[in-house]
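Novice: Generate coordinates for the sequence data below:
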Amino acid sequence: MELLFVVLLGFCIGLAVRTAIPGHDTYGSALVPSIAAAASAIVWEILTWAGWKFDGGWIWVVSLVAAGIVALVLALVIPRSRRTNDQALLQQLSKPVS
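Specialist: Presented below is the predicted three-dimensional model:
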């Protein structure tokens, strides 16, 4: 049950980061929140396998901070990469055919 809550909170963190960082018009509305939710679930599972108790506070902190970091990195990297790739494709498609 706790895994469900951590995934939901990770999604909400990703959603908040997506709306707070400019450039969110270059990717889908669920991309960053979904990956943040997956990151929180993966970190949660790794920590439970490592022996951390699910009712401890640190497992929550680490999992949700990891979701926030992943969401922030994605929200900063994706728009820059997308614009660079779009410009390169535009240049390639704009060349006259010989």
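Novice: so what's the residue nearest the centre of the chain scoring on pLDDT?
Specialist: Against the mean C-alpha coordinate of the chain, by Cα atoms, centre = their mean, the closest residue is Ala71 at 3.3 Å. In the prediction, the pLDDT value recorded for Ala71 is 97.
Novice: now do Val97
Specialist: Taking Val97 on its own, its pLDDT is 81.
Novice: and the residue nearest to the centre of the chain, what is it in contact with?
Specialist: With contacts defined as Cβ atoms under 8 Å, 6 or more residues apart in numbering, Ala71 is in contact with Ile13, Gly14, Val17, Arg18, Val32, Pro33, Ile35, Ala36, Ala39. Where you see a C-beta, it was placed from the backbone N, CA and C, and this is true even at glycine.
Novice: quick one: which of the residues you listed is nearest Trp60?
Specialist: Nearest to Trp60 out of the contacts of Ala71 is Ile13 (Cβ to Cβ; 11.9 Å).
Novice: Count the neighbours of that closest one for me.
Specialist: Burial measure for Ile13: 25 neighbouring residues, criterion other Cβ atoms under 10 Å.
Novice: Would you tell me what the next helix or strand after the helix or strand harbouring it is?
Specialist: Using DSSP states H and E, Ile13 falls within helix 2-20. Heading C-terminal from helix 2-20, the first helix or strand you meet, by DSSP H and E, is helix 31-49.
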